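Chemist: Attaching a predicted model along with its sequence, questions to come.
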Amino acid sequence: MNLLTLNTHSWLEDEAERKLQQLVEKIVEADYDIIALQEVNQLVESAVVSQSDLVNFCSVSGQKSIHEDNFAYCLIKKLAMEGRSYYWSWDMSHIGYDIYEEGNALLSKNPLTSEAMIVSETSNYQDYRTRKLLIGNTLFQGKEICVVSTHFSWWQDKNSGFAFEWQQLEQRLLTENKPLFLLGDFNNPAQEAGYLLVEKSPLAIIDSYSTAKTKNGEATVEQAIDGWKENTRKLRIDYIFVPETSIVYSHQIVFDGENAPIISDHFGIEIEIAKF
């Protein structure tokens, strides 16, 4: 199984169309089974896509309308032109940069049964601190799995921010009896408080980086970016957590200028799993 996660920073990058095409090319080359994307944007005022045009779209309860410039919708169309078919889900978390409806997306080679879950203390879409994660049940080689595209808040203290959000998701996922895959932007550096909270979770998951047989790269952010404006360090804040019994062949940083061009303010992560 091959998996990818990327905070796309979509439509906020220079030469955004070219970078979308570079993402398409990498997906075609790597042939990922599961893809989780964050900061998947569409303009508030752009046109709505008709249901008949939403090929392989797997909606959630209370689904926000998909617009013609929805980054995931544009990606799916371009992949189809390359002969790659994915089922996909998207929903909005909050308004970003005053003009975008920002959310998370999941792509799978098999149909998704998806749920959008608000985990933040606020549910006001106008508040950038509103966090809605995307949980999808799908199949891999006939086996049911649960995958989550995550975009959490920053660490504040043990009762708010990331800690509050993680506790909401954890309680939800404790009801799942399927293998769990959590992919995305956790906004918490490795070995710091938020990461350690996940590491000691009762969920049967493990950081794929820590167990991978081979590793290529580590940091997913190397400079000051939105949300980390004072940053001067190389940070690992994006992760793929996998079932604790997984055999992870490789964990590789991608879209870092070495393994595929830089297309976002985050690098991506791809992993290959032999069994889980």
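Modeler: Sure thing, it's come through.
Chemist: contacting residues around residue 37?
Modeler: Residue 37 makes contacts with 5-8, 71-72, 75, 104-107, 149, as judged by CB atoms under 8 Å, 6 or more residues apart in numbering. In short, each C-beta sits where N, CA and C put it, glycine included.
Chemist: that's a helix at it, yeah?
Modeler: No - applying DSSP: H, G, I helix; E, B strand; the rest coil, one finds residue 37 to be strand, outside a helix.
Chemist: can you give me the helices for the protein?
Modeler: For the chain, the helices defined by DSSP state H occupy 16-30, 71-81, 162-173, 193-199, 208-211.
Chemist: tell me how far stretch 223-235 is from the chain's mean position?
Modeler: Between the centre of stretch 223-235 and the centre of its chain there are 19 Å (CA atoms, centre = their mean, to the nearest Å).
Chemist: CA atoms only for that stretch, dumped as PDB, please.
Modeler: Listed in PDB are the C-alpha atoms of stretch 223-235, where the atom choice follows Å, rounded to 0.1, in the frame of the first residue of the first chain:
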ATOM      1  CA  GLN A 223      11.200  28.000   7.100                       C
ATOM      2  CA  ALA A 224       8.700  30.600   8.400                       C
ATOM      3  CA  ILE A 225       5.200  29.800   7.000                       C
ATOM      4  CA  ASP A 226       1.600  30.700   7.700                       C
ATOM      5  CA  GLY A 227       1.000  29.700  11.300                       C
ATOM      6  CA  TRP A 228       4.700  29.400  12.000                       C
ATOM      7  CA  LYS A 229       5.800  33.000  11.200                       C
ATOM      8  CA  GLU A 230       8.600  33.000  13.800                       C
ATOM      9  CA  ASN A 231       9.900  29.600  12.800                       C
ATOM     10  CA  THR A 232      13.700  29.300  12.200                       C
ATOM     11  CA  ARG A 233      13.900  25.500  12.600                       C
ATOM     12  CA  LYS A 234      13.400  22.400  10.400                       C
ATOM     13  CA  LEU A 235      10.100  20.900  11.700                       C
END
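Chemist: Any regions of the stretch 151-276 of the chain where pLDDT drops low?
Modeler: Within the stretch 151-276 of the chain, no range satisfies pLDDT under 70.
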